[in-house]
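S.K.: When you get a sec, could you give me coordinates for this:
(one chain, ligands or ions: 1)
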Amino acid sequence: MGQCIAVVSGKGGTGKTSFTAGVGAALALSGLRVLCVDCDIGLRNLDIALGLSDAALMDFSDVAQQRCTLERAVVSHPQLAKLSLLTAPIRQRGQPVTGEQMASLLRAVRIQYDFCLLDAPAGLGDGFLLATAAADRCVVVTTADASSLRDAQHTVMELGRFGPGKLHLVVNRVRKKLLRSMHATIDDAMDKAGLPLLGVVPEDDALPLALNRGSPILLSAPASPASSAYRNIATRLRGGKAPLLRIK
Ligand SMILES: Nc1ncnc2c1ncn2[C@@H]1O[C@H](COP(=O)(O)OP(=O)(O)OP(=O)(O)O)[C@@H](O)[C@H]1O
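M.R.: Now for the predicted structure:
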């Protein structure tokens with residue numbers, strides 16, 4: 001039975017979509033069946049990060065509201081056979097998808113996939129509620145700046161139903177120059193949020209470059225620091241051990 005992980009933040013632009021695409025690709029490259037779901041109705045962009053720009057015709061609302069099957073709506077990655085995308089609607093049509101409909105969709109997903117990563121929009125609105133409604137675990141992605149950390153804290157407060165071991169923290173865009181002060185910040189972030197650290201992703205120019213090329217970073221720059229970080233995080237999500245990344 002697969003597991004569904006919501007990727008959330010609070011503040012916008014912290015790196016949720018990059019994380020979903022990077023860790024999703026890393027899990028798929030390790031041989032697992034992975035579905036990445038874009039939960040950002042109206043502002044989807046996970047398709048671009050995965051190199052599947054506008055490839056999908058049907059979206060998660062079509063499956064959740066039984067207008068089409070899961071098999072018909074997902075798009076497989078042409079280079080990563082085990083990686084698939086279920087995209088978000090371009091705009092809200094008809095009745096909004098309910099938490100129960102999302103739960104029913106994820107029950108089908110757990111049967112067919114080993115991992116499902118749900119890329120939530122920023123904030124605590126409808127897309128956040130849908131992404132987290134029936135997820136098994138949550139990853140809170142933050143940068144080390146004070147506003148992002150405070151929003152991460154607020155987000156964690158909304159996730160009370162996830163018990164110990166079900167909520168994880170990822171600190172993104174870590175820069176070596178700031179590392180000495182960042183150790184304190186990361187410790188502080190873990191203390192404040194009360195979350196164990198799942199991983200640290202360095203600031204890496206290869207990420208926006210990969211996004212512009214429309215290719216997952218694990219394919220276009222597999223040796224980049226961010227790719228290594230995503231691989232390590234994928235290993236930990238699978239229950240394995242990986243060292244914390246050395247920021248060069
Ligand atoms: N570690 C990193 N190093 C350099 N650039 C990064 C890193 N992580 C993310 N970025 C860049 O930051 C921008 C925002 O990232 P991303 O879209 O993943 O954030 P998001 O949290 O999904 O945003 P939103 O809240 O709008 O959905 C992108 O241009 C991405 O390439």
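
S.K.: L86 reaches E71, doesn't it?
M.R.: No - with contact defined as Cβ atoms under 8 Å, L86 does not reach E71; the gap is 10.7 Å. Every C-beta, even on glycine, is put in place using the N, C-alpha and C of the backbone.

S.K.: The two: which has the busier surroundings?
M.R.: L86 (25 against 10; other Cβ atoms under 10 Å).

S.K.: Partner strands of the longest strand that the chain contains and their direction?
M.R.: Across the chain, the longest stretch assigned as strand under DSSP state E is strand 167-174. Note on strand 167-174: by DSSP bridges, its sheet partners are strand 137-142 (parallel), strand 197-202 (parallel).

S.K.: contacting residues around it?
M.R.: 14-15, 18-19, 137-144, 152, 156, 159, 182, 186, 189-190, 193, 195-203, 233, 247 (Cβ atoms under 8 Å, 6 or more residues apart in numbering).

S.K.: at 6 Å what do you get?
M.R.: 14-15, 138-141, 143-144, 159, 182, 186, 193, 195, 197-203, 247 (Cβ atoms under 6 Å, 6 or more residues apart in numbering).

S.K.: near the ligand too, which of those residues?
M.R.: T14, G15, V201, E203 (Cβ under 6 Å from any ligand atom).

S.K.: can you pick the most crowded of the residues you listed?
M.R.: V201 (28 neighbours).

S.K.: ok, now which ones touch that one?
M.R.: Contacts of V201 by Cβ under 6 Å, 6+ apart are N172, A226, A229.

S.K.: Give me the residue ranges of this structure where confidence is low.
M.R.: 56, 176-194, 242-248 (pLDDT under 70).

S.K.: What's the local residue count around I111?
M.R.: For I111, using other Cβ under 10 Å, the count is 10.

S.K.: Kindly report the same for R236.
M.R.: 16.

S.K.: Filter the contacts of V201 to keep only those in contact with the ligand.
M.R.: N172, A226.

S.K.: residues in contact with stretch 51-64?
M.R.: 37, 47, 68, 70, 73, 75, 85-89, 97, 101-102, 105, 214-216.

S.K.: For it, what is the distance to the chain centroid?
M.R.: 17 Å (Cα atoms, centre = their mean, to the nearest Å).

S.K.: can it be found next to the ligand?
M.R.: No - applying Cβ under 6 Å from any ligand atom, one finds stretch 51-64 out of contact with the ligand, separated by at least 13.5 Å.
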